[in-house]
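**Q** Sequence first, predicted coordinates after that:
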Amino acid sequence: MIKHTAIFSANGVRAVVLASLLGATALVTVSSVVAQDEKSMAVVVKVAGDPWWLRMEEGLVEYAAANPGIKVFMQGVSHSDAALQAQLIEDLVAQGVDAIGIVPISPQTLEPVLAKARAQGVVVVTHEGETQPTKNFDVEAFDNAEYGVHLMDHLAAQMGEEGEYAVFVGKLTNAAHTAWVDAAVAHQVATYPKMTLVGDRIETNEDAATAYRKTLELLVAYPNIKGFQGSSSNDPIGIGQAIEEAGLEERTSVVSTSLVSLTQDLLETGAVDLISFWDPKMAGQAMMSAAIRAMNHEPIVTGDDLGVPGYNNVIVKGDIVYGAAWVDVTVENMEQHNF
């Protein structure tokens, strides 16, 4: 497994380090590049190199440049594996970082190491991690249940409120994806009785090739299927490619979280109808703003402004901080959100 580390500081310098974690090979530590008088903040994402997280990285660069005395760096594992993510966090705790921002692959798997981090005084802020038991704050772009309902309303409209549909998640353990799908399916049952969910929720491991293969299987098993709701940003890539190959752009509807940079061609052909997202660039900055609040022992309350677009009037429920930051994109407006 190769770990990607990108280090940012207020002077705008960016250093990239690759460290092998195979066998006894030494881990490259960030402590050697973090000055003792600076606060060090690590953001641990799901998969290094994914465009979604590269966009978040842009936000961290800007954040570090605007906040002297804060050293921010991002790490991710080579593939979606919660055990590897837990080991990465364990390494960061050993290095003595002041705060960790984490996008959990599996809250259950990460809980022991995050509890250890908090016990040692490390601030923990999650994103897409409402169900993570141990944290100072979880920062969400919006209420997850409302977002799931929102996606289902769009899918239902595209399908004419009737027909068979399937739902995809990046990981069955992903708390945010589970919340979206749970709310979407419950809303469908209550509001769109002529629609029918087929099969179980489909796990794609955040991988477009897996989404593609499983969509082909669905098209064979359910030849009348009309709708697909994705969760991972890579889901609509695989779903859309399978739809396109089958020539079913006109008969099917695909709605998912994703980015224009990943789905532009599929939006243009109609293989994907709508994507919705929050800007991971802003989510990363909001996480860091919350981490600074926690390091300074300052609360976050409803109505607070985190100083980040979409998070200017947050709603707080317990340790969950909600913004209002989703964006809907179709072929008509995708040029306005081209990242």
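**A** That came through, no problem. Numbering: from 1, shown residues only.
**Q** Now the helix or strand hosting Ser40 - C-alpha only, CSV.
**A** Assigned by DSSP states H and E, Ser40 belongs to strand 39-47. The C-alpha coordinates for strand 39-47 follow below in CSV (Å, rounded to 0.1, in the frame of the first residue of the first chain):
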residue,chain,number,x,y,z
LYS,A,39,0.0,23.4,14.9
SER,A,40,-0.1,20.3,12.7
MET,A,41,-3.4,19.1,11.3
ALA,A,42,-3.8,16.0,9.2
VAL,A,43,-6.7,15.2,6.9
VAL,A,44,-7.1,11.5,6.2
VAL,A,45,-9.3,10.7,3.1
LYS,A,46,-10.5,7.5,1.7
VAL,A,47,-8.4,6.9,-1.4
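**Q** Can you list the strands that it pairs with?
**A** In the sheet, strand 39-47 lines up against strand 70-77 (parallel), strand 99-102 (parallel) (DSSP bridges).
**Q** quick one, what contacts the spatially most central residue of the chain?
**A** Of all residues in the chain, the one closest to the mean position by C-alpha atoms, centre = their mean is Glu128, 6.1 Å from it. Glu128 makes contact with Val103, Pro104, Glu140, Asn174, Ala175, Ala176, according to C-beta atoms under 8 Å, 6 or more residues apart in numbering. Yep, even glycine has a C-beta here, placed from its N, CA and C like the rest.
**Q** ok, of the residues you listed, which come out buried?
**A** Val103, Pro104, Glu140, Asn174, Ala175, Ala176 (16 or more other C-beta atoms under 10 Å).
**Q** got the contacts of Glu128 as a markdown table, with pLDDT columns?
**A** Below are those laid out as a markdown table (pLDDT from 0 to 100):
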| residue | pLDDT |
| --- | --- |
| Val103 | 96 |
| Pro104 | 96 |
| Glu140 | 97 |
| Asn174 | 92 |
| Ala175 | 90 |
| Ala176 | 91 |
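**Q** Serialize the residues you listed to a markdown table and add fields for distance to Ser80 and secondary structure.
**A** Converted to a markdown table, these look like this (distance: C-beta to C-beta, whole Å; DSSP: H, G, I helix; E, B strand; the rest coil):
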| residue | distance to Ser80 | secondary structure |
| --- | --- | --- |
| Val103 | 11 | coil |
| Pro104 | 11 | coil |
| Glu140 | 20 | strand |
| Asn174 | 9 | coil |
| Ala175 | 14 | helix |
| Ala176 | 14 | helix |
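**Q** shaky segments in this protein?
**A** 1-37 (pLDDT under 70).
**Q** Okay, helices next: where are they in it?
**A** 51-66, 82-95, 107-119, 144-159, 175-191, 208-221, 235-246, 260-269, 280-295 (DSSP state H).
**Q** Name the residues that touch the shortest one?
**A** Pointing back at helix 260-269 there. Contacts for helix 260-269 (C-beta under 8 Å, 6+ apart): 51, 233-234, 236-237, 240-241, 244, 249, 254, 272-273, 275, 329-331, 334, 337-339.
**Q** Now, of these, which are buried?
**A** By 16+ other C-beta under 10 Å, the contacts of helix 260-269 give 233-234, 236-237, 240-241, 244, 249, 254, 272-273, 275, 329, 331, 334 as buried.
**Q** which two in those residues are spaced the farthest apart?
**A** Greatest spacing in the buried ones among the contacts of helix 260-269, by C-beta to C-beta: Ser233 and Glu249 (20.4 Å).
**Q** hang on, the earlier thing: just say which of the strands paired with strand 39-47 is most tucked in.
**A** strand 99-102 (a mean of 28; mean count of other C-beta atoms under 10 Å).
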